[in-house]
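Trainee: quick one, structure for this:
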Amino acid sequence: MSDAGAGGQEFPEREFERAVDDLERSGGERRPQAAAEPEHHGNRVIGFLRASWAELQRVQWPDRRQVVQATAVVIGFVAVAGAYLGLADLVAKEIVEQII
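Mentor: Next up is the predicted model:
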C-alpha cells in the first residue's frame, strides 16, 4: 500500500509519521536533508485540490433515510423553538400593554 495520496503526494500526517520514524531509526540524530526546490504556487493549489478530493472520497455520506430523519429533527426543533418564542413574545406584549 502506498503512503501517497491523490496525485502521488504524501499527506501531511504521513510525512510527519515518516519523519518521526526516520528520527527514531537514526537514534535521535537529525540527518540533514537536501534543499528542496521551492514549490510553485500552482503546484500547491493543485496538490491541495487533489488532497481535498481524496479526503472527500473517504467521507461516509449519509443515505436518504438518514438525511430525511435529520431534516425532520431540525424542522421539529425549529417549530418547537418558534412556538416557544411566539408564546414568550405574546406574554411580553401583554405585560408591556398592561404597564402602558
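Trainee: shaky segments in this structure?
Mentor: 1-13, 16, 19-24, 26-42 (pLDDT under 70).
Trainee: run the last query once more with 90
Mentor: By pLDDT under 90, the weakly predicted segments of the chain are 1-44, 100.
Trainee: longest single helix anywhere in it?
Mentor: helix 64-99 (DSSP state H).
Trainee: buried stuff in it?
Mentor: Using 16 or more other Cβ atoms under 10 Å as the test for burial, helix 64-99 gives no buried residues. Heads up, the C-betas are built off the backbone N, CA and C, glycines and all.
Trainee: number of residues surrounding residue 14?
Mentor: For residue 14, the count of nearby residues is 14 (other Cβ atoms under 10 Å).
Trainee: same deal with residue 100?
Mentor: By other Cβ under 10 Å, 5 other residues sit near residue 100.
Trainee: do you know how far residue 49 is from residue 43?
Mentor: The spacing between residue 49 and residue 43, counted by Cβ to Cβ, to the nearest Å, is 11 Å.
Trainee: ignore the last one, residue 80
Mentor: Distance, residue 80 to residue 43, using Cβ to Cβ: 51 Å.
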